[in-house]
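Engineer: Need coordinates for the below:
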Amino acid sequence: MSSSAEEEFSEGLLSVVKPAVESVDAQVQTLRTSQAKLKDCIDNLSGDLANIAEMQKDLPNLEHYVKKLMNIKRRVTTVNNVLTNVQDRVQMLQTRVSKEQARKRTLLNAS
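Structural biologist: This next block holds a predicted model:
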């Protein structure tokens, strides 16, 4: 190949490849900018989380109290169920007593 043919081929190849390379280069630059912004956001978030963790060290551990409350809630529910059953039985007894009293009145009135 002659020197001028090589130059023309190189220039042609460069004119085809150059826009693609420039586009990729611009996208890489944009990606690097985005990555830098993301790193800054992550650094800020890490600082905020560290501050929150530090503040929580001063707070009492509430898990023990939550467990106590759940236990108390379970007990109250159990007592409520027992009371409901007792109330139902008392109502049934009252109904039976009323029926028995009505039956006795009827017998007394009939005699």
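Engineer: can you give me the helices in this protein?
Structural biologist: For the chain, the helices defined by DSSP state H cover 3-58, 63-110.
Engineer: ranking those helices by mean pLDDT, which is last?
Structural biologist: For those, mean pLDDT drops lowest on helix 3-58, to a mean of 84.
Engineer: Report all helices and strands that it contacts.
Structural biologist: Packed against helix 3-58 by the contact rule (3 or more Cβ pairs under 8 Å, 6 or more residues apart in numbering; DSSP states H and E) you find no helix or strand. Placement of C-beta: from N, CA and C, glycine included.
Engineer: Could you tell me the per-residue confidence at the residue of the chain most remote from its centre?
Structural biologist: Going by Cα atoms, centre = their mean, the residue of the chain most distant from its centre is Ser111, 75.1 Å out. The per-residue pLDDT reported for Ser111 equals 71.
Engineer: what number of residues lie near Ser98?
Structural biologist: By other Cβ atoms under 10 Å, 10 other residues sit near Ser98.
Engineer: when you give positions from now on, start the count at 48
Structural biologist: Got it, first residue is 48 now, which makes that one Ser145.
Engineer: roughly how far apart are it and Ala157?
Structural biologist: Note on Ser145: its distance to Ala157, by Cβ to Cβ, to the nearest Å, is 18 Å.
Engineer: go on, Lys115?
Structural biologist: From Lys115 to Ala157 the distance is 62 Å (Cβ to Cβ).
Engineer: Tell me which of these two has more neighbours.
Structural biologist: Neighbours per residue (other Cβ under 10 Å) separate Lys115 from Ala157, with Lys115 holding more: 10 against 6.
Engineer: And that one, how far from Val123?
Structural biologist: For Lys115 relative to Val123 (Cβ to Cβ), the value is 12 Å.
Engineer: Likewise for Leu116?
Structural biologist: 10 Å.
Engineer: got it, and Lys114?
Structural biologist: 15 Å.
Engineer: Met117 versus the residue farthest from the centre of the chain, what's the distance?
Structural biologist: 62 Å.
Engineer: Ok, Asn128 next?
Structural biologist: Asn128 is 17 Å from Met117, by Cβ to Cβ.
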